[in-house]
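In: 3D model of this:
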Amino acid sequence: MKTLLAPAALVAATLAAPVAAPAAAPAAYPTRTITIVVPTAAGGGNDAMARTIAQKLGPLLGQTVIIDNRAGANGSIASEFVARAAPDGHTLMLGYVATHAMNPALQKLRYDPVTDFEPVGLVGYSPTLMVANALAPVKDVKDLASQLKARPDRYSYASAGNGTAPHFAAELFKLNAGVDMLGVPYKGSAPAITDTLGGQTQFMFPSLFTAIPYVKSGKLKALAVAGPKRSHLLPDVPTLKEAGVEGVEVQQWYGVFAPARTPRPIVDKLNKALNQVLADKEVVKRIEDHGADVESSTPEQLGSLVRSELTKWKAVVQKARLTAE
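Out: This is a model prediction of the structure:
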């Protein structure tokens, strides 16, 4: 496991403090069950990661930690729910690049990814993988691009919803490869993967963490890694750049967030416990065996990542002319 290096100038996790003073930390925390809200359907990569963390986090905190899947609206339903929850540390969120960078960059939402949350800590990263239905008559990326240029209506791709990493990666691929393909948004990666497996859609750009079990079993074909390097789990699968399509590097990152104004002592206790979980060899192996890189951080470093990613994806939205429709 590696730990994020602190940036040159750390910025406080909450940029715009509200007038109301934050609640004082309770004498004993936690005092009841802790809920981690997952912004996608059960069965996807986010869900699996959250459950892996919850199993180890509960004993460290002395309370049961449960998972609450609140899929829909590209993660904004779950995000708004947590943003409005009591800031007492008993409602948390496994946020990721879509909820805290891509979707907010794409459209105006009823929550602010910076001011409505207290960052707790980073969990890790996973590259995006370009996959095809096992029966799709496509040999490689070059073959797919050739077919799409001849018949743009021949294939469709599934995404976890507009404003998610699978959506952004697919649209960047279309833009940079000079092709077209119908996009079909779903309420999370799990149902999108299901329809890609069934052939209702033929392609998808899920996280490697989500896709690797299906690739290993032969149910999906891995065409390319939409990242800066090949994965050690799939050493024979080229990057999109190696396959001839540049400019499509989409890394998914995951982090734990609490509602804004959660007392700092609670955030610190959660960060310490989370980082202990991420140092557990069993947790590291389980996550990395699925293709994600475990990486811990301070709350400030996660907050800095959210702000920099927002800036990055706003520029991509403008360049690719992406919309929420």
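
In: CA atoms only: put the biggest strand by length in the chain into PDB for me.
Out: Taking DSSP state E as the criterion, the chain has its longest strand at strand 117-133. Extracted as PDB, the C-alpha positions of strand 117-133 are listed here (Å, rounded to 0.1, in the frame of the first residue of the first chain):
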ATOM      1  CA  PHE A 117     -18.900  17.300   2.500                       C
ATOM      2  CA  GLU A 118     -16.100  16.700   4.900                       C
ATOM      3  CA  PRO A 119     -13.500  14.500   3.200                       C
ATOM      4  CA  VAL A 120     -12.400  11.600   5.500                       C
ATOM      5  CA  GLY A 121      -9.900   9.800   3.400                       C
ATOM      6  CA  LEU A 122      -8.900   8.300   0.000                       C
ATOM      7  CA  VAL A 123      -9.500   4.500  -0.600                       C
ATOM      8  CA  GLY A 124      -7.800   4.000  -3.900                       C
ATOM      9  CA  TYR A 125      -7.700   4.100  -7.700                       C
ATOM     10  CA  SER A 126      -8.800   1.800 -10.500                       C
ATOM     11  CA  PRO A 127      -8.200   2.300 -14.200                       C
ATOM     12  CA  THR A 128     -11.100   2.100 -16.700                       C
ATOM     13  CA  LEU A 129     -11.200  -0.900 -19.000                       C
ATOM     14  CA  MET A 130     -12.800  -1.100 -22.400                       C
ATOM     15  CA  VAL A 131     -14.700  -4.400 -22.600                       C
ATOM     16  CA  ALA A 132     -16.900  -6.100 -25.200                       C
ATOM     17  CA  ASN A 133     -19.600  -8.700 -25.000                       C
END
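
In: Now that strand: average pLDDT?
Out: Mean pLDDT, strand 117-133: 96.

In: Which positions in the helix or strand that that strand is followed by come out as buried?
Out: Following strand 117-133 in sequence order, the next helix or strand is helix 141-150 (DSSP states H and E). By neighbour count on 16 or more other Cβ atoms under 10 Å, the buried set for helix 141-150 is 141, 144-145, 147-148. The C-beta positions use only the backbone N, C-alpha and C, and glycine is treated the same way.

In: cool, and stretch 150-160?
Out: Buried residues in stretch 150-160, counted by 16+ other Cβ under 10 Å: 155-160.

In: now those as JSON lines including pLDDT and secondary structure?
Out: Output for the buried residues of stretch 150-160, formatted as JSON lines (pLDDT from 0 to 100; DSSP: H, G, I helix; E, B strand; the rest coil):
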{"residue": "155", "pLDDT": "95", "secondary structure": "coil"}
{"residue": "156", "pLDDT": "97", "secondary structure": "strand"}
{"residue": "157", "pLDDT": "97", "secondary structure": "strand"}
{"residue": "158", "pLDDT": "97", "secondary structure": "strand"}
{"residue": "159", "pLDDT": "93", "secondary structure": "strand"}
{"residue": "160", "pLDDT": "88", "secondary structure": "coil"}
